[in-house]
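Enquirer: When you get a sec, could you give me coordinates for this:
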Amino acid sequence: MKQNIINIALASVLAIGIGACSPSLTSVQHIEKGKSYLAENKNNEAIIELKNAIKKDAKNLDARLILGKTYLSQGDYKNAKKELERSIKLGATSEYTTPNLAEIYYKLNDFDNVYNLVASAELLHDEQYVTVLTYAGMAAIYEKKFDKAQGYFDRAIQISEDFLYSKISRGYMARTEEEISSAIESVEILMASNPEIVDLILLKGYLLQSTKQYQTAAETFTEYSVKRPKESSILFFIAQNYIRANQLERAEPIVDAILKIANSHPLANQLKAQILFDNKNYALAKQHANTALQQQPDLALSHIIAGLSAYYVKEYESTYQHLSKVSKRLPKQSLVNRIFIEVQLLLGYEVEALDSIQQLMDSNNIDFNSLLTLSNELIKSGNNIAAKALIDKAGVLADKDPSNLLRQGFLRLRLDDVELGIAALEESLALDPSSDTAEGGLVIGYLQNKQYDSVLKIAKKWQENSDKKVSGLLLQATIEAEQQLYGEAKVTLKDVFTIEPNNIAAHLNMAIIEHKSGNYSVAFESYKQVLTLKPNHEKAIFLITKLTIDSPSLLPEVKRSLQELLALNNNMSIKLGLANVFRTEGNLGKALELYVELMATGSLDGIEIMVGDLYSLTNKLDRAIDTYKNYYEKNKTNLMAGKRLIVAYEQAKEYALAASLIGAMRNYHRNLDGLVLLNGYFKSMAKQDVSSTDLTIIKGSRQLNNHWLANQMHGHIAYNEKNYDQAVNEFESGYQKNPTQLTLTTLFKALSLNGQNDKVIELSLDYLKKNEDSRLAKIYLANAYLNTAQNDKALALYRELVDKFTGNAILLNNLAYLEMQQGNSLAAIKYARKALTLSPNSITVIDTYAQALASNKEYNQSLDAYDTALVLADESESLDIIFAKAKLLLTMGNKKVARQLLLSMTAPSNSAMQIKIDKLLSETR
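Expert: The predicted model follows:
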């Protein structure tokens, strides 16, 4: 049998509470009272009375049978099952329970028990047996066992076609449109004479739904829900049919009601997502679709809604993830598959996209226009080779139609495929000689190809037509300017002014010619003329601001002109130009103020980059990061946005955040192997593991493996592992390839930790020959001198450095130490105190300060300093401090306290330290 019997899907419902028991009535009286309530259709009151009867007589069969059937009539199937099964244990016969239990098991999706009842129901009256067979058939439909369902329905009808449930069975067997229409008529007749049989209403709803009469189906299911108010699963059918009928305002409150009962239900969340998507609330639609998928990951419609919603909010990676799960299950020509291909292109998955496009071509499900549109997307993504391949394929599909050739021609010009672009446009013009667009395209192509004679022919042709004469003269001037024939070009432009004195293009071209000729003041006047005629002319504003760089003396005049224009026209282009002038002038605060104003409008793409740049220049790194981050979040495929944020993270030493960002960017730019190296570099800086896969990619690429960043990455990995020999080798290679402050710093650090102070001295002195003011080289040189006991040289350098850079605690501390060694205790105290102000919690700095105080015989203050250090020190640091304090006490003549302090020390793991302690102890006797 074909699988087109009506599909049914039902869900479980909630139970109601238990009422109180009246002590004054007997069990029988409660039953009678319950029956009275049922007669008045007061089901809730009846349930309370029947429960009270059972409380007084738990084995009362009548009470349980009536209560079970009352629950059933309300759609409370769990409680109905419980009461009827208990009634069987109390002796209820099958004829009273089996048909009802068949319905209950069916409603609770307990299909095996429905099938099991069929055998026992053979002993019942025929009509009861037919009822059970019908529910068995309905259960088989739900499980999509259609042949099995057919068998149950056939047996029911064979027993008797006159029984009500035999007619319901026949209704479920309706397949053709004619049979379903006839079934609906029959059901409506039966409903009139059997209003209490809710299965007739349900069948009618299914039949209407199968013939796409969605609104009527929803209304029918609503009628059913009135009779079975506790059967919450019917709400799904009501909502679903209202959605299909595009009655979203009627569907939404029903879906909301379901979500109040079960807020994580997958189907309910999918329905809510459908409604929100149709209302263009894509963010919330995506949220509900994702909730549905968390509960049931195979919901294709939820993947489609989540994917398309993500597409419309420009979260293309999310779109890709969702649509990739369903694209193969959808028709090749579907909108979803076309968007999937577009997203593949946007994310840089060109190989996948081309494969998808080829499949569409193989199945004849893509046309010429679609191929050109997709090739345009490839051009945007930067894959010109793939775009050219698509245009070539489009050419195979295209008719020799002027408009098709025109589109091909322009796309080829964009790809710098100039020869073929010109050929397509020439062919288009030959087929349609009146096409101004084709002729205009040829002008562009000829200029790109430097075919000036061909352009001049078109210009002269236009000059013969009074309507095009000015355009022809402007084109001729452009050709002359391209060939740097500026004198001839100016003469031609004057001919334009004779015809149209206020021609903006002519004034702009004249300004550009004067600008290129170095006649900046004349150019300025011409740019002003353009802006007088059109104050918001973007190109003129850009070029007049460029004048301030080419001729700084014009900056005040340019600034004044733009300020006057802005006062008259609060225009974004003018404001941007003025901001750029302020930036050139060095007035970063004023420039930033204008950039922020422009950013607040939300209508100038990329302004966030300028704002972030200025925040960086003014050392407002947190704001720079926030600005770059906001722009990147909205433009995740924009490589420049990601690079700016990476640089800001690096400046802020947020290496882990940089690594995480690059990891995300790799999802959008899978073909950029440079990101693999950059990711590895920042992971090594953040002391994170670099994956073996990434290391293999880097090693397998000569370009990446030979890059100085690869040396830095390998150097940091070795450094983190305390393999300083290897670190030195890598950092030295990196420095040789790219001798900068960055590579020099890492090399100095590794050399210092590896004890190669002579190498630091050699390298520093060599670097200082070319960079005599390098603070970095001098600091490491001074430290190396100190580490090699060249104290005089170290002292001289530290004094020079401290005079220039007063805010460095390490410099001040080391200088204090050297001054102390030279016997300059007051100078030592001064520098140590300054270092302590800058780094009050540094054990090293406090120790130097304490020693300096002691050298000046300020013993009590020195002891106080050691006590402060002990509070801050960890266990390994405290031994040295206690030893120094004991030594000071001994100097002060306080042998007893010194001895007590030494004896209180934890035994050191270092034998050399133990020898020092023992020696000092011997001096305390």
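
Enquirer: Tell me where the chain is predicted with low confidence.
Expert: For the chain, the stretches flagged by pLDDT under 70 are 1-23, 330-335, 345-346, 348-374, 377-386, 389-390, 393-399.

Enquirer: domain parsing for it?
Expert: Following automatic domain parsing, one gets these domains for the chain: 330-398, 401-449.

Enquirer: Counting neighbours, which bits of the host helix or strand of residue 132 end up buried?
Expert: Residue 132 is part of helix 126-142, with elements assigned from DSSP states H and E. Using 16 or more other Cβ atoms under 10 Å as the test for burial, helix 126-142 gives 128-142. Where you see a C-beta, it was placed from the backbone N, CA and C, and this is true even at glycine.

Enquirer: Likewise for stretch 430-438?
Expert: So stretch 430-438, judged by 16+ other Cβ under 10 Å, has buried residues 435, 437-438.

Enquirer: Looking at those, which are in helices?
Expert: Among these, DSSP state H puts 437-438 in helices.

Enquirer: Any buried residues in stretch 670-686, and which?
Expert: Using 16+ other Cβ under 10 Å as the burial criterion, the residues of stretch 670-686 that qualify are 673, 675-686.

Enquirer: Would you pull up how far it lies from the middle of the chain?
Expert: Distance, stretch centre to chain centre, for stretch 670-686: 19 Å (Cα atoms, centre = their mean, to the nearest Å).

Enquirer: Put the alpha carbons of it into CSV.
Expert: Provided in CSV are the C-alpha atoms of stretch 670-686 (Å, rounded to 0.1, in the frame of the first residue of the first chain):
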residue,chain,number,x,y,z
ARG,A,670,40.2,28.8,5.2
ASN,A,671,42.5,29.3,2.3
LEU,A,672,44.7,31.9,4.1
ASP,A,673,47.5,29.8,5.5
GLY,A,674,49.1,32.9,7.0
LEU,A,675,46.4,32.8,9.6
VAL,A,676,47.6,29.4,10.7
LEU,A,677,51.1,30.8,11.4
LEU,A,678,49.6,33.9,13.1
ASN,A,679,47.4,31.7,15.3
GLY,A,680,50.4,29.6,16.3
TYR,A,681,52.5,32.7,17.1
PHE,A,682,49.9,34.2,19.4
LYS,A,683,49.2,30.8,21.0
SER,A,684,52.9,30.5,21.8
MET,A,685,52.9,34.0,23.2
ALA,A,686,49.9,33.1,25.4
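
Enquirer: still on that earlier bit, got TSV for the buried residues of stretch 430-438, with distance to residue 588 too?
Expert: As requested, those are arranged in TSV below (distance: Cβ to Cβ, whole Å):
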residue	distance to residue 588
435	51
437	46
438	49
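
Enquirer: Out of the buried residues of stretch 430-438, which comes closest to residue 760?
Expert: Nearest to residue 760 among these is residue 437, at 68.6 Å by Cβ to Cβ.

Enquirer: just to revisit the earlier point, name the next helix or strand downstream of the helix holding residue 132, please.
Expert: Scanning forward in sequence from helix 126-142 by DSSP H and E, the next helix or strand is helix 146-159.
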